[in-house]
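Enquirer: Model the structure of this input:
(4 chains)
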Number of protein chains: 2
Amino acid sequence: MTDRRTDLPVDVDDAVLGTHRTEPGDGVDDMTGPTSRGIPEATVARLPIYLRVLGALADAGTRTVSSDELAALAGVGSAKLRRDLSHLGSYGTRGVGYDVEHLAYQVSRELGLTQDWPVLIVGVGNLGSALAGYAGFASRGFRVCALVDADPDVIGTTVRGLRVQPAAELEDVVRHTGACIGVLATPAPVAQRMCDRLVSAGVRSILNFAPVVLTVPADVDVRKVDLSMELQILAFKEQRKTSKAIAASPVLGSAAGGVR
Amino acid sequence: MTDRRTDLPVDVDDAVLGTHRTEPGDGVDDMTGPTSRGIPEATVARLPIYLRVLGALADAGTRTVSSDELAALAGVGSAKLRRDLSHLGSYGTRGVGYDVEHLAYQVSRELGLTQDWPVLIVGVGNLGSALAGYAGFASRGFRVCALVDADPDVIGTTVRGLRVQPAAELEDVVRHTGACIGVLATPAPVAQRMCDRLVSAGVRSILNFAPVVLTVPADVDVRKVDLSMELQILAFKEQRKTSKAIAASPVLGSAAGGVR
DNA sequence: CTGACTTTGTTCCAACGTTCACAAACACGT
DNA sequence: ACGTGTTTGTGAACGTTGGAACAAAGTCAG
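Expert: Residues are numbered from 1 along each chain as shown, chains lettered A, B, ... in the order given. Have a look, this model is predicted:
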């Protein structure tokens, strides 16, 4: 089912009118659904991993896979994996395992990857340019539909086959391309401003690479990719490992304080 | 102290995704101390955010800050923030708040940022090159100490002031530079191999940008930065939002289309 | 010095996520 | 057809995380 959404008013192309059955309804958080949309956040975060592993298995010609094998390949426990998959339905066969292709399709569908997601990249510097060329973008329903930047030297140039458009026309670009997802790859000082403009233009999903905490309305989702944060977390763990090693050392037993 | 202006955007280009293997092994056995090192994972993940906000406040000349203000700036609840900070000691003053500089120093110290962390980047493509130039690297104790690549055309060239060394000599480079953290920015197919070599050379902290699930010994920490995963999670939420919007629409009330 | 006010650090509890363990369900060999 | 072995899906214990509320501890005005 191709369900293409532009963000304009409401498009009624494939919607069927008529039936009743208003089930999820509650304005805020629906979760009362029987089998409906009660998928935990943590599970959603792992589905892409499963999908990637399933893709690799399919490429290798594997037809079926057990939860143990799949879990090992994904780096999680098998119980967790089975529970995760159970949230999207019973697609396994007891005594056998899961059909790789079918399961991959179901996961794809649940994640919404069977439709097309136009992505707008804001900020075409080193990062934005690299992102525009990222193969993973095109691979699973994501399509870079436009690039915008504020730098006059960059506007008008062609990056990865797309012409960079002026940031001043951001709203028009969103409207014209029907972009659903905005990627912020700007310098930190302008990220919030650009974010606000994306939101007011109708974008409700934002992937932020700028090292700032964005403020957005409640119905907008922001995910952050922050290299410096990841490094700091690694440093913390490394430090903890090192201090433990020192404590365990028969010689340095209690020299404490020492740093590497 | 000082302002560290971190950050510009980071860059990710052609590979993103990884895995991480946090397991029961991550061990915190020693709870013997007064300030027992029992800091929860979730708290550690937020410390870098607090640190960034504190840096911004210091730059703005703010001397003290309350938990409410700090929490608002960091985008978390004030109760959560206070509990997070309580894990590293009592550095606040009741009735007043926290001394910005002092708290920043304490957080830095807890994260291990008062020491120098030599970082080795493996893979100097579009992504690796952008990473090498990332300002956030140098800003907080992280120092890119070496670049390696397998491509003969790249080896020997100078990127961001560093000469790219042959991947064949990776072990020597690690030994010579004393690198503690390895950043994998290689194509997916060679990521595991390079990872293994990093580990056997003694690197125990790895930041992985390659879209593969890495397998490592229990005492090695791997963190992943995965663009494709983030996009898929956004797509899921966007899909959920639109289906809810459709359900709530008086006109399209319950076409129930693609649901399950 | 005293009392009122502010804000931290902590305690309690509810919600969420993970792991264990096992019955139900299915394939397969005999 | 029937028992045996395998694997899923799930009920229930367990641990972790988040949020409200509050006493302790400090400041500040007078």
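Enquirer: Quick one, grab the pLDDT at the residue of the stretch 1-150 of chain A found nearest chain B.
Expert: With C-beta to the nearest C-beta as the measure, residue A:130 is the residue of the stretch 1-150 of chain A nearest to chain B, at 2.9 Å. Bear in mind the C-beta positions are built from the backbone N, C-alpha and C, glycine included. We have a pLDDT of 86 for residue A:130.
Enquirer: which element follows whichever strand or helix holds it toward the C-terminus?
Expert: Residue A:130 is located in helix A:126-132, with elements delineated by DSSP states H and E. Next along the chain after helix A:126-132, taking DSSP H and E as the criterion, comes helix A:135-139.
Enquirer: Can I get that following helix as CSV, trimmed to CA atoms?
Expert: Only the C-alpha atoms of helix A:135-139 are listed here, as CSV (Å, rounded to 0.1, in the frame of the first residue of the first chain):
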residue,chain,number,x,y,z
ALA,A,135,24.0,5.1,1.2
GLY,A,136,21.8,4.1,4.1
PHE,A,137,19.6,7.0,3.3
ALA,A,138,18.3,5.7,0.1
SER,A,139,18.4,2.1,1.1
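Enquirer: At which residues are the strands of chain A located?
Expert: A:64-65, A:92-93, A:97-99, A:117-122, A:142-149, A:158-159, A:162-166, A:181-184, A:205-208, A:221-224 (DSSP state E).
Enquirer: what's the most buried one of those strands?
Expert: Most buried of the strands of chain A, by mean neighbour count (mean count of other C-beta atoms under 10 Å in any protein chain shown): strand A:181-184, with a mean of 28.
Enquirer: That one pairs with which strands?
Expert: Its sheet considered, strand A:181-184 pairs with strand A:117-122 (parallel), strand A:205-208 (parallel) by DSSP bridges.
Enquirer: now the ones you listed in JSON lines, with mean pLDDT and distance to residue B:96?
Expert: Below are the strands paired with strand A:181-184 laid out as JSON lines (pLDDT from 0 to 100; distance: least, C-beta to C-beta, whole Å):
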{"stretch": "strand A:117-122", "mean pLDDT": "97", "distance to residue B:96": "40"}
{"stretch": "strand A:205-208", "mean pLDDT": "98", "distance to residue B:96": "33"}
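Enquirer: May I see those strands organised as CSV, with distance to residue B:118 added?
Expert: Supplementary listing: the strands paired with strand A:181-184 in CSV, determined by distance: least, C-beta to C-beta, whole Å:
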stretch, distance to residue B:118
strand A:117-122, 32
strand A:205-208, 29
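Enquirer: For residue A:175, find the nearest of these.
Expert: The closest approach between residue A:175 and any of the strands paired with strand A:181-184, judged by C-beta to C-beta, belongs to strand A:117-122 at 11.0 Å.
Enquirer: the inter-axis angle of that closest one versus strand A:142-149?
Expert: For strand A:117-122 against strand A:142-149, the angle by axes from the mean of the first three to the mean of the last three C-alpha atoms, to 10 degrees is 20 degrees.
Enquirer: you'd agree residue A:226 is up against residue A:214?
Expert: No. Taking C-beta atoms under 8 Å as the definition, residue A:226 is not a contact partner of residue A:214, at 11.6 Å.
Enquirer: Got the domain ranges for chain A?
Expert: Domain assignment of chain A by automatic domain parsing yields the ranges A:41-111, A:117-227.
Enquirer: Quick one: residues contacting residue A:235.
Expert: B:111-113, B:117, B:141-142, B:181, B:205 (C-beta atoms under 8 Å, 6 or more residues apart in numbering or on different chains).
Enquirer: 10 Å instead, please
Expert: B:48, B:111-113, B:115, B:117, B:119, B:140-142, B:180-181, B:205 (C-beta atoms under 10 Å, 6 or more residues apart in numbering or on different chains).
Enquirer: out of those residues, who's nearest DNA strand D?
Expert: Set against DNA strand D, the nearest of these by C-beta to the nearest atom of the strand is residue B:48 (14.6 Å).
Enquirer: wait, that closest one sits on residue B:139?
Expert: No. Residue B:48 is beyond contact range of residue B:139, at 11.8 Å (criterion: C-beta atoms under 10 Å).
Enquirer: where does chain A have low pLDDT?
Expert: For chain A, the stretches flagged by pLDDT under 70 are A:1-37, A:244, A:249-260.
Enquirer: Now do the shared contacts for residue A:226 and residue A:214.
Expert: In contact with both residue A:226 and residue A:214: residue A:208, using C-beta under 10 Å, 6+ apart.
Enquirer: Between these two, which has more neighbouring residues?
Expert: For residue A:226 and residue A:214, the more surrounded residue by other C-beta atoms under 10 Å in any protein chain shown is residue A:226, and the numbers stand at 21 against 18.
Enquirer: okay but the more buried one is in contact with residue B:134, surely?
Expert: No. Residue A:226 is beyond contact range of residue B:134, at 11.1 Å (criterion: C-beta under 10 Å).
Enquirer: Spit out the contact partners of residue A:212.
Expert: Residue A:212 touches A:184, A:186-192, A:195, A:224, A:226, B:7, B:52-53, B:56, counting by C-beta under 10 Å, 6+ apart.
Enquirer: Quick check: the two most widely separated of those residues?
Expert: The most widely separated members of the contacts of residue A:212, counting by C-beta to C-beta, are A:186 and B:53 (19.1 Å).
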